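1. have a look at this prediction, sequence included:
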Amino acid sequence: YVNPVIRIAIYKKGQMFLCYHPVNAISNKGKVDIAMECYLRYGETLNEGVDRHMKNAFPHSENIKPDFNIFYHFEDETTNRLIYLYLVEIKDESILDTPHFKHSKFWSFKQIEDNLGKGFFSKCFEDEYEHLKGVIDIREKYMGS
């Protein structure tokens with residue numbers, strides 16, 4: 001079976017907000033990955049799943065809307081996923097100061113690239129990184145972020 005998963009990458013001014021998964025986490029144990037991920041529930045639409053996840057992460061910030069980016073299939077020895085990848089830009093990082101993001105911080109592209117391929121990041125993030133970096137670069141160039 002294939003699990004539908006919503007992943008929402010957060011960025012601000014050329015930096016990505018990533019989290020450390022503790023060694024007792026269900027998946028990506030001891031790895032760094034994007035900070036927002038959830039399963040799409042049975043019978044739930046994609047928009048409903050994204051809204052649910054955003055409300056859980058940002059209960060007091062309803063004006064933050066992620067943009068759909070791509071969907072793709074990801075499979076490794078432990079999971080088989082259909083991933084719906086979103087991207088959200090934040091202006092005020094104080095909204096990230098919550099228990100939900102306690103093991104998270106902003107990483108520059110250089111910091112990420114210095115650690116790629118060393119087993120530091122989740123496999124899923126390593127597969128997504130170049131795409132996300134390219135989209136963020138384009139958005140910042142043409143949208144005046």
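-> Nice, thanks for sending it over. Numbers count the residues shown, from 1 in each chain.

2. pretty sure Tyr20 contacts His103?
-> Yes. Using CB atoms under 8 Å, Tyr20 is in contact with His103, at 4.5 Å. The C-beta positions use only the backbone N, C-alpha and C, and glycine is treated the same way.

3. which one of these two has more residues nearby?
-> Neighbours per residue (other CB atoms under 10 Å) separate Tyr20 from His103, with Tyr20 holding more: 17 against 13.

4. which residues touch that one?
-> Applying CB atoms under 8 Å, 6 or more residues apart in numbering, we find Tyr20 in contact with Gly30, Lys31, Val32, His103, Ser104.

5. again, only using 6 Å
-> Tyr20 makes contact with Val32, His103, according to CB atoms under 6 Å, 6 or more residues apart in numbering.

6. okay, it and Lys141: tell me how far apart.
-> 30 Å (CB to CB, to the nearest Å).

7. before we move on, what about Lys123?
-> 29 Å.

8. so those two - more neighbours on which side?
-> Here Lys123 and Lys141 are compared on neighbour count by other CB under 10 Å; more neighbours surround Lys123, at 16 against 9.

9. now the more buried one. Nearest residue, chain neighbours left out?
-> Asp76 (5.7 Å; CB to CB, 6 or more residues apart in numbering).
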